[in-house]
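Colleague: this is a predicted model, with the sequence first.
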Amino acid sequence: MQQHAFVIEAEAEEGIEIAQAWIIKELDLKLENNPDVVVVRHGLLSVEDSRKVGDLANGAPFAGETKVVIVSASRAYHEAQNALLKLFEEPPQGTYLFLVMPSLGGLLPTLRSRVQELSHGESSRPRIPEIAEQFLKATKEKRSALIKKLTSGKDEDARRENREEAIALLNGIEAVAYKAKKRDSAAVALLSDIAILRTHLYDRSAPVKMILEHISLVIPRGLV
């Protein structure tokens, strides 16, 4: 039985291209001027956004019997992912779904279990946010400066943006640690810490500074 729901770990445009290449090859669909291949782009995916995705997916195809919905997001609230569960578990007949995110670290296990991952290939280098690259390569002093920057928001909007940056940072570090886990037992321990601490970052009152300082201390040498 062919899979109808997929996730892709990539930046938005690259991930969309991966999905489109699969559509051309596996479904033999034309992309140009095709109203049944829908691409929607989001920054932070909200519950309302997920509901709109459901409305798009449940609409009948304009031509033929196949419809495709590609959704890209920089991050997705847990509530938004929960709103997609039933849709991704049982897509409407003839409908194919793709979720593109720069990191799958924050993907809920319940959603991940319902999808198939389309990847760049096992030999490809993990793609991580620039802030994670900087953090991993930084000295202790520069890491402290980055942490201070991410915990110095003057108002709620600034603090929210910083919290999202902190989550992106953790997701990027997780991607690198996941790649290294077969050769480095310390990377396995780091992955465990990230899985626990990231859930706290979704809380507005999260102690972001304490969390990032802990991660900085437990990152093993030579991870990158």
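Modeller: On my side now, so go ahead.

Colleague: now do stretch 24-36: distance from first to last residue.
Modeller: Across stretch 24-36, the terminal residues are separated by 13 Å (CA to CA, to the nearest Å).

Colleague: all helices in the chain, in order from the N-terminus.
Modeller: When assigned using DSSP state H, the helices of the chain occupy the ranges 12-22, 47-58, 78-89, 109-112, 130-137, 140-150, 156-180, 185-201, 208-218.

Colleague: got JSON lines for those helices, with mean neighbour count, distance to L29 and mean pLDDT too?
Modeller: (C-beta placed from N, C-alpha, C; glycine too.) Compiled in JSON lines, the helices of the chain are given as follows (neighbours: other CB atoms under 10 Å; distance: least, CB to CB, whole Å; pLDDT from 0 to 100):
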{"stretch": "helix 12-22", "mean neighbour count": "18", "distance to L29": "9", "mean pLDDT": "93"}
{"stretch": "helix 47-58", "mean neighbour count": "16", "distance to L29": "16", "mean pLDDT": "94"}
{"stretch": "helix 78-89", "mean neighbour count": "18", "distance to L29": "20", "mean pLDDT": "92"}
{"stretch": "helix 109-112", "mean neighbour count": "14", "distance to L29": "25", "mean pLDDT": "84"}
{"stretch": "helix 130-137", "mean neighbour count": "16", "distance to L29": "34", "mean pLDDT": "88"}
{"stretch": "helix 140-150", "mean neighbour count": "14", "distance to L29": "43", "mean pLDDT": "93"}
{"stretch": "helix 156-180", "mean neighbour count": "19", "distance to L29": "31", "mean pLDDT": "81"}
{"stretch": "helix 185-201", "mean neighbour count": "16", "distance to L29": "37", "mean pLDDT": "83"}
{"stretch": "helix 208-218", "mean neighbour count": "16", "distance to L29": "43", "mean pLDDT": "93"}
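
Colleague: quick one, which of the ones you listed gets closest to V100.
Modeller: Judged by CB to CB, the one of the helices of the chain that comes nearest to V100 is helix 12-22, at 3.2 Å.

Colleague: other SSEs contacting the closest one?
Modeller: strand 5-9, strand 37-45, strand 67-76, strand 95-101, strand 116-118 (3 or more CB pairs under 8 Å, 6 or more residues apart in numbering; DSSP states H and E).

Colleague: distance from stretch 52-71 to the middle of the chain?
Modeller: The gap between where stretch 52-71 is centred and where its chain is centred comes out at 22 Å by CA atoms, centre = their mean, to the nearest Å.

Colleague: now G222: how far from K149?
Modeller: As judged by CB to CB, to the nearest Å, G222 and K149 stand 25 Å apart.
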